[in-house]
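[1] starting from these lines, generate the structure:
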Amino acid sequence: MTINEIFELIDRKSETPHWDHKAGFEWNKDNRDHQLGLIRDMIAMANTRDGGVIVLGVENATYNAVGLSPIILDSLDQTDIGQMVNAYADPPISFELQKVEARGVHIAVIQVPEFKNVPIVCKDAAQGRDKKLILRKGALYARTDAAQTEEISSAEAMRQLLSIALFKRREELLRSIENIMKLRPLEAVENSVGHYERELTAADSWFVQVLQKGFLQSGRWEVVARPASYRNTGTELREMNSIVKNSQVELRGWPFPYIDHKNASNFNEGVQSFTDLSDKRECFRFYNSGLFVWKGTMPEDLHNRKTSGGKNTLDVISTIYKTTEIFEFLKRLYEVFPHADSVSITVRLTGCRDRELASSELWTSLFGNTSSEDIIEREETVQGAELTASADEMARAMAHHIFAVFNWNVPDRYLVEWQDRFYGRSSKA
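    Numbers count the residues shown, from 1 in each chain. Have a look, this model is predicted:
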């Protein structure tokens, strides 16, 4: 996560299954109860789809970023925390500890990725000073929708955890198959185009209705994905709601796509949602044909992030993260949606002309890299199995294309590095 994204989430003054705040404490034996509580939360985050983030230095009552004292900050060490966490976690948890200074305060951010192969089991018991059990040997902890850490006790919660593990095994198998043979994408069926055009026109009309014409004049991201062959699957609306919710990606503290429960609804052919906030403007429609359409205003524009010369910007790291979460979501969506053997995907950026690449957290300098194109897009048709096996590669290809139009040729290894940080795969315990 970028520094801007971290503080944007703190400003929301709320917690989610993937986002937790703590006031912070000095990492020593006098604070063992706090240490064990943090370990419990880290195990739970690892057992939650997409993992989670714990921020130290935020006041519990107000959610204000009060920061950490130099003594507390210096006591937080990746190795020390890792040794204690993995004395209780089996298999070991990987995580990344990041110390951040912004807005005049220091905070610590612990990013915990989703478990790698099998769920994390607590392998030893631990009591607090009052003899109350904080960690139970053999327990499976996870985060709830109410943003609490609880031991898994229901059959439904256990099924959800096992489904994540089974999906990982299937993805690993497909990657192995892809290494043996090159999957050949199928071409979209020409007769399908007209049907999808009708749905796309209806979706655009609804987007303008709920977010007004100014939305379509702003810099924005757009995603259009659909099965190559058109058919009305007859999928029930309640099932479509579940498909979108279960496919959401929450690697940055908020989900993609965002379902605003105040503005989410069903329509004759599917489900839809929009949100219109100061820091988030986006909308989507998902049709029972399998067509998924999403549009969202660029966060750089919502937060008025400009260069010193007044140019609009596109953040490099945020772009890598956005392309990655888009393809990760589509992978999940069409993994379970019927009749999606081949999928056509278009990712588009609008409002790019004279926009400038920027980042305060990059390993290299940018020298006024701007786009002469107003619209940047890339379209491809792939087999569903290839999407499952290679979503991260497709995301990198999209990011490469965007940066190339901005006249910046970035080595693939750097995109892999930032993707690994996004997923938490590069973390070291």
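
[2] quick check: the spatially most central residue of the chain vs Ala65, distance?
    Nearest to the geometric centre of the chain sits Leu251, at 3.1 Å (Cα atoms, centre = their mean). Relative to Ala65, Leu251 is positioned 21 Å away (Cβ to Cβ, to the nearest Å). The way it works is simple: take the backbone N, C-alpha and C, and place the C-beta from them, glycine included.

[3] same check on Asp74?
    19 Å.

[4] excluding its backbone neighbours, what's nearest Val118?
    Residue nearest to Val118 in three dimensions, not counting chain neighbours: Ala165, with 5.9 Å by Cβ to Cβ, 6 or more residues apart in numbering.

[5] list the contacts of the one you found.
    Applying Cβ atoms under 8 Å, 6 or more residues apart in numbering, one finds that Ala165 lies in contact with Phe115, Asn117, Val118, Pro119.

[6] mind redoing it with 10 Å?
    Taking Cβ atoms under 10 Å, 6 or more residues apart in numbering, we find Ala165 in contact with Asn47, Phe115, Asn117, Val118, Pro119.

[7] strands - which of those land there?
    Of the contacts of Ala165, none are assigned to strands by DSSP state E.

[8] ok, then the element right after the helix or strand bottoming out on mean pLDDT in the chain?
    Least confident helix or strand, the chain: helix 155-180 with a mean of 64, by mean pLDDT, DSSP states H and E. Where DSSP states H and E defines the elements, the next helix or strand beyond helix 155-180 is helix 192-216.

[9] can you name every helix or strand that that next one contacts?
    Here helix 192-216 touches strand 220-227, strand 270-276, strand 281-287, strand 292-297, strand 342-350, going by 3 or more Cβ pairs under 10 Å, 6 or more residues apart in numbering; DSSP states H and E.

[10] could those go into a markdown table alongside distance to Gly194?
    Formatted as a markdown table, those follow (distance: least, Cβ to Cβ, whole Å):
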| stretch | distance to Gly194 |
| --- | --- |
| strand 220-227 | 13 |
| strand 270-276 | 18 |
| strand 281-287 | 14 |
| strand 292-297 | 16 |
| strand 342-350 | 14 |
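
[11] roughly how far apart are Ser390 and Thr370?
    From Ser390 over to Thr370 (counting by Cβ to Cβ), the distance is 31 Å.

[12] likewise Pro255?
    As judged by Cβ to Cβ, Pro255 and Thr370 stand 32 Å apart.

[13] can you check Thr297 too?
    In terms of Cβ to Cβ, Thr297 sits 20 Å off from Thr370.

[14] do the same with Asp204
    Distance, Asp204 to Thr370, using Cβ to Cβ: 28 Å.

[15] between these two, which has more neighbouring residues?
    A direct count of neighbours by other Cβ atoms under 10 Å for Asp204 and Thr370 places Thr370 higher, at 20 against 14.

[16] so in terms of bridging, what pairs with that one?
    Glu356 (DSSP bridges).

[17] rewinding a little: between Asp74 and Ala65, which has more neighbouring residues?
    Ala65 (22 against 12).

[18] ok, that one to Gln111 distance?
    For Ala65, the distance to Gln111 (Cβ to Cβ) stands at 17 Å.

[19] again with Glu156
    Here Glu156 is placed at a distance of 27 Å from Gln111 (Cβ to Cβ).

[20] show me what contacts Gly128?
    Counted by Cβ under 10 Å, 6+ apart, Gly128 has contacts Arg32, Asp33, His34, Leu36, Gly37, Ile134, Leu135.

[21] out of Glu156 and Gln111, which sits in the more crowded spot?
    Taking other Cβ under 10 Å, Glu156 and Gln111 do not tie; Gln111 has more neighbours (24 against 8).

[22] the more buried one contacts Asp20, doesn't it?
    No: using Cβ atoms under 10 Å, Gln111 is not in contact with Asp20; the gap is 11.5 Å.

[23] now do the shared contacts for the two.
    Shared contacts of Gln111 and Asp20, defined by Cβ under 10 Å, 6+ apart, are found at Met45, Gly52, Val53, Ile54, Val55, Gly253.

[24] among the residues you listed, name the ones in helices.
    Among the shared contacts of Gln111 and Asp20, DSSP state H puts Met45 in helices.

[25] possible to save the shared contacts of Gln111 and Asp20 as CSV with neighbour count?
    Below are these laid out as CSV (neighbours: other Cβ atoms under 10 Å):
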residue, neighbour count
Met45, 31
Gly52, 29
Val53, 26
Ile54, 21
Val55, 26
Gly253, 22
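
[26] which of the shared contacts of Gln111 and Asp20 fall in strands?
    Gly52, Val53, Ile54, Val55.

[27] isn't the third one right up against Met45?
    Yes: at 7.0 Å, Ile54 counts as touching Met45 under the criterion of Cβ under 10 Å.

[28] where does pLDDT dip in the stretch 151-300 of the chain?
    Within the stretch 151-300 of the chain, the segments meeting pLDDT under 70 span 166-193.
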